[in-house]
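Trainee: mind folding the following:
(one chain, ligands or ions: 1)
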Amino acid sequence: MPDQTVLSLRDITLSFGPKIIQKNISLDVRKGSIFAVMGGSGCGKSTLLKSMIGLLRPSAGEYHVGDENYWAGDEAHRTDLNHRFGVLFQSGALWSSMTVGENIALPLQMFTDLKPSVIRRLVELKLGFVGMLQAIDLYPSEISGGMCKRAGLARALALDPDILFFDEPSAGLDPITSARLDDLILNLRDGLGATIVIVSHELPSLFHIADDGIFLDARTKTPIAHGSPRDLRDNCTDPQVHAFMHRERDEEGKT
Ligand SMILES: Nc1ncnc2c1ncn2[C@@H]1O[C@H](COP(=O)(O)OP(=O)(O)OP(=O)(O)O)[C@@H](O)[C@H]1O
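Mentor: Prediction:
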């Protein structure tokens, strides 16, 4: 795998007003990697993701997207950089008054000058990629939660972003649907060469797909481990990280 850094954070502090959520966050996301943001409930995983997609300005530190200093430029500069990002929120976040196809067409209508016939073809391609072409004319209320996630993924892919952010993509999905989503995420990386940052509690999923990551601690409000979920599971001696990473295996009775 190429070792080129796509996203780089240096000494980032994340706060809401006077309340510090995390500090001293430094990390590099390599091109083509699947990078996991891990940690217990409330430690700041979603807040970190929000900051990486530009919804929350850090109170200290530097954030680079490729060679660009993300927060140093103006709003137009950030909007340009944001076009490299595709985001899948927990719910899939589809507009309920639009069909699945219309939801996916929306970013193409807003941000490109493509003809309606070309947009329709692109929507079909994106839906085909996530195995949802048959749902193109259905409304979100007519499809399952797993299908909403996949449609949300198709919409996140609409503008061909090279960096994808997923916040708890498997939340609320049954294990089979969740495994299918994992395979889709791997396809995005292996087939399209995307770089992916994922927040998830689902350890089996993280062990399967993620090859790098960071572990945030709520008590000290700092990262306490860096590495792939498998590496942290097998080699990290920090008691808190160890307990977290072995939770699933203990539940399943594995050693
Ligand atoms: N808009 C906000 N204003 C003030 N505090 C906030 C805001 N959003 C989140 N927080 C606080 O920031 C902390 C981290 O929240 P965050 O959602 O990032 O944690 P998380 O690790 O993603 O949690 P979970 O795993 O439970 O989803 C929490 O204490 C939360 O209450």
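Trainee: surely Arg78 meets Asn69?
Mentor: No. Arg78 is beyond contact range of Asn69, at 10.5 Å (criterion: C-beta atoms under 8 Å). Using the backbone N, CA and C atoms, a C-beta is placed for each residue, glycine as well.
Trainee: comparing the two, which residue is more hemmed in?
Mentor: The residue with more neighbours, out of Arg78 and Asn69, is Arg78; 16 against 13, by other C-beta atoms under 10 Å.
Trainee: can you tell me the SS state at the more buried one?
Mentor: Here Arg78 is helix, with the state taken from DSSP: H, G, I helix; E, B strand; the rest coil.
Trainee: quick one: secondary structure of the residue nearest to it when sequence neighbours are not counted?
Mentor: Closest residue to Arg78 apart from its sequence neighbours, by C-beta to C-beta, 6 or more residues apart in numbering: Gly54 at 5.5 Å. Judged by three-state DSSP, the three-state class of Gly54 is coil.
Trainee: ok, Gly54 - contacts?
Mentor: 70, 78, 81-82, 85 (C-beta atoms under 8 Å, 6 or more residues apart in numbering).
Trainee: show me which residues of this structure are close to the ligand?
Mentor: When proximity is defined by C-beta under 6 Å from any ligand atom, the chain lies next to the ligand at 16, 19, 21, 39, 41-47.
Trainee: angles on the backbone of Asp74, please.
Mentor: phi -90, psi -180 (degrees, to the nearest 10).
Trainee: can you pull the pLDDT of it?
Mentor: Listed pLDDT for Asp74 reads 91.
Trainee: how many other residues sit next to it?
Mentor: Neighbours of Asp74 using other C-beta under 10 Å come to 7.
Trainee: repeat that for Arg150.
Mentor: The burial count for Arg150: 26, using other C-beta under 10 Å.
Trainee: pull the residues that contact stretch 58-78.
Mentor: 6-15, 20, 23, 25, 51-52, 54, 57, 81, 84, 163.
Trainee: next: stretch 146-153.
Mentor: 88-89, 91-94, 100, 103-104, 127, 130-132, 135, 140, 143, 169, 173-174, 177, 180-181, 184.
Trainee: pull out the buried members of the residues you listed.
Mentor: With burial judged by 16 or more other C-beta atoms under 10 Å, the buried subset of those is 88-89, 92-94, 100, 103-104, 127, 130, 132, 135, 140, 143, 169, 173, 177, 180-181, 184.
Trainee: so which of those belong to helices?
Mentor: 100, 103-104, 127, 177, 180-181, 184 (DSSP state H).
Trainee: could those go into TSV alongside pLDDT and distance to Ala194?
Mentor: Shown next, in TSV, are these (pLDDT from 0 to 100; distance: C-beta to C-beta, whole Å):
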residue	pLDDT	distance to Ala194
Val100	92	21
Asn103	92	20
Ile104	91	17
Leu127	89	17
Thr177	75	21
Arg180	80	18
Leu181	82	14
Leu184	84	11
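Trainee: tell me the one of those nearest the ligand?
Mentor: Nearest to the ligand, judged by C-beta to the nearest ligand atom, of those is Leu181 at 18.0 Å.
Trainee: surely Asp120 meets Ala105?
Mentor: Small correction: residue 120 is Arg, not Asp. Yes. If you go by C-beta under 8 Å, Arg120 and Ala105 touch, sitting 7.3 Å apart.
Trainee: who has more neighbours, the two?
Mentor: Neighbour totals were compared for Arg120 and Ala105, and Ala105 leads with 22 against 15 (other C-beta under 10 Å).
Trainee: my guess is that one meets Val118, correct?
Mentor: No. Counting by C-beta under 8 Å, Val118 is not a contact partner of Ala105; they are 10.5 Å apart.
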